[in-house]
Structures are given as structure tokens and as C-alpha cells.
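**Student:** structure for this input, please:
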Amino acid sequence: MKTQMNFRVSNQLKSTFDTLCEYRGITRTSVLASLMKKWIDIHGPRVASEIENHQNLITSVNSSMESRRNMLDYG
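**Tutor:** Below you'll find the predicted structure:
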């Protein structure tokens, strides 16, 4: 499935981009889709790692709190 996207850029940026796309014989869509894919390839794993680190931290804190509660209950 495909969807249309709309966003705002300066007229000069759009004009320069259009000129370069036309010169290269490629569409705006293909360039933007390629750039989006590359960005996802770069940042996706970083975000996944950050999420995993966050989840590990929460698990560690919860485990530590549970251990502390157990020590206090038996103390």
C-alpha cells in the first residue's frame, strides 16, 4: 500500500531539488523514499538498542526493588 505525503520546504530548496532530480532523470518520490529508507537503516537499530537498554534498566530496577522488599520482609 502506498500513501501520499505532504510537507513544506522553502521554494528555493524545492526548485533546486526538482532541477537536480530532472537532471539525473529520477523522480522526487524515488529520491525521498531512498533517503527515508537510509535514515531508517541508520536510526532504526539505534532506537531499538535504546528501547532494549531502557527495558533492561526497568527490569534491573524492578529486580533490585523486589530483592530489597524481600530483605526488609525477612529482616
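**Student:** mind checking what helix or strand follows the strand or helix carrying T19 in sequence?
**Tutor:** Following DSSP states H and E, one finds T19 within helix 11-24. Beyond helix 11-24 on the C-terminal side, the first helix or strand identified by DSSP H and E is helix 28-74.
**Student:** give me the packing partners of that following helix, helices and strands only.
**Tutor:** helix 11-24 (3 or more Cβ pairs under 8 Å, 6 or more residues apart in numbering; DSSP states H and E). (Each C-beta comes from the backbone N, C-alpha and C, glycine too.)
**Student:** distance between the helix it packs on and the chain's centre?
**Tutor:** Distance of helix 11-24 from the chain centroid (Cα atoms, centre = their mean, to the nearest Å) equals 26 Å.
**Student:** one more: stretch 6-13?
**Tutor:** The answer for stretch 6-13 is 22 Å, by Cα atoms, centre = their mean.
**Student:** just want the angle from the lowest-mean-pLDDT helix or strand in the chain to helix 11-24.
**Tutor:** When the helices and strands of the chain are scored by mean pLDDT, DSSP states H and E, helix 28-74 comes last with a mean of 88. Calculated by axes from the mean of the first three to the mean of the last three Cα atoms, to 10 degrees, helix 28-74 forms an angle of 120 degrees with helix 11-24.
**Student:** now do the buried residues in the helix holding T19.
**Tutor:** Neighbour-count burial for helix 11-24 flags C21 (criterion: 16 or more other Cβ atoms under 10 Å).
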